[in-house]
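*Asks:* My questions concern the predicted model and sequence given below.
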Amino acid sequence: MKLFDRPIIAYFIITFLTLIIYSAFSVPAQVLGLEGAMADLYNLAYLLPATLVAYLLVVKVFFRGTLKGIFALDGTVDGLKLFIPVAILDVVAFILDRIFATNNVLNDVLHIVSISCTAGIMEEMVFRALVLPNFMRVKRDYGGMIFAVVFTAVFFGFTHISNLAAGGNFGRVLQQCLTASISGGFFAAVYLNAGTIIPVMIAHALHDIINLLFANITESGAMLEAITWQNLIPQIIFSGTELVLTTRLLRSAKFDKIRALWDEKWGQ
């Protein structure tokens, strides 16, 4: 489609279509009368098929070219290795949080896993898995790649403003919008280097699980507690590390390798 040669317009079309297909593929747990653990298990059960259906419909129907391997296992291990520094920070922050904890209430583990996996899989599918390859198909220079990463990251971060409607603390939601934008850029950088979205989905879900287990959250996962030095300083360190890693992964010296990888995936 000619329309998909305009990557910004295509971004919103792909995002909208993927969300609609992803949502329409499942019947809400409430409609089926499912609650608690059964609802969480149901939500986990439709994640993979809904993701695959959305991918097949959007890619196979709307793209002229054939995009290959964004769910490939090849590259998954290398992609996960790129997350090692932030994974270490996640674990250290979790341990320190337990030492100086003000909230020792363990949330429902299954519910947290359900929320986190839904975010990790669905958000990566919607905001990165399909839209970044289209940018790489249309915008073939280094500047185009950087623009794609920044644009998609900022939009991803902005969508977290919806947590206000879920009852989230105002200051904490604004902080989340900023940090989610930074994480979105890092996730995009890993994806572009690995060529597969699987490690990004895994890392995103695990990060959310670690951070939500003992958090004071709403039913949908929105943060209720206000910003404090206790939760702000670790986030500054974490986001700062992500920024450094992102600039390393997207430096101009790596562009030719990234360009060749995505040309191969588009069969160009």
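*Replies:* Alright, I've got the coordinates.
*Asks:* Averaged pLDDT, the helix or strand harbouring Phe155. What do you get?
*Replies:* Assigned by DSSP states H and E, Phe155 falls within helix 142-158. The predicted model assigns helix 142-158 a mean pLDDT of 94.
*Asks:* gap between it and the chain center?
*Replies:* Distance, stretch centre to chain centre, for helix 142-158: 13 Å (CA atoms, centre = their mean, to the nearest Å).
*Asks:* So which elements touch that helix?
*Replies:* Secondary-structure packing of helix 142-158 (3 or more CB pairs under 8 Å, 6 or more residues apart in numbering; DSSP states H and E): helix 7-24, helix 131-138, helix 170-194, helix 255-265. (Glycine included, C-beta is placed from N, CA and C.)
*Asks:* Any chance of those in a markdown table with mean neighbour count, mean pLDDT and distance to Ile112 as columns?
*Replies:* Listed next are those as a markdown table, based on neighbours: other CB atoms under 10 Å; pLDDT from 0 to 100; distance: least, CB to CB, whole Å:
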| stretch | mean neighbour count | mean pLDDT | distance to Ile112 |
| --- | --- | --- | --- |
| helix 7-24 | 17 | 81 | 21 |
| helix 131-138 | 23 | 89 | 28 |
| helix 170-194 | 22 | 93 | 16 |
| helix 255-265 | 15 | 94 | 34 |
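*Asks:* Relative to Asn211, which of those helices is closest?
*Replies:* Minimum separation from Asn211 across the helices and strands packed on helix 142-158 (CB to CB) falls at helix 170-194, 10.5 Å.
*Asks:* Double-check Asp97 against Leu212; I have them as touching.
*Replies:* No. Counting by CB atoms under 8 Å, Asp97 does not reach Leu212; the two are 11.7 Å apart.
*Asks:* ok, back up a step: show me which positions of the helix holding Phe155 end up buried.
*Replies:* Tyr142, Met145, Ala148, Val149, Phe151, Thr152, Ala153, Val154, Phe155, Phe156, Gly157 (16 or more other CB atoms under 10 Å).
*Asks:* Would you confirm that Phe71 contacts Ile198?
*Replies:* Yes. Taking CB under 8 Å as the definition, Phe71 is a contact partner of Ile198 at 6.1 Å.
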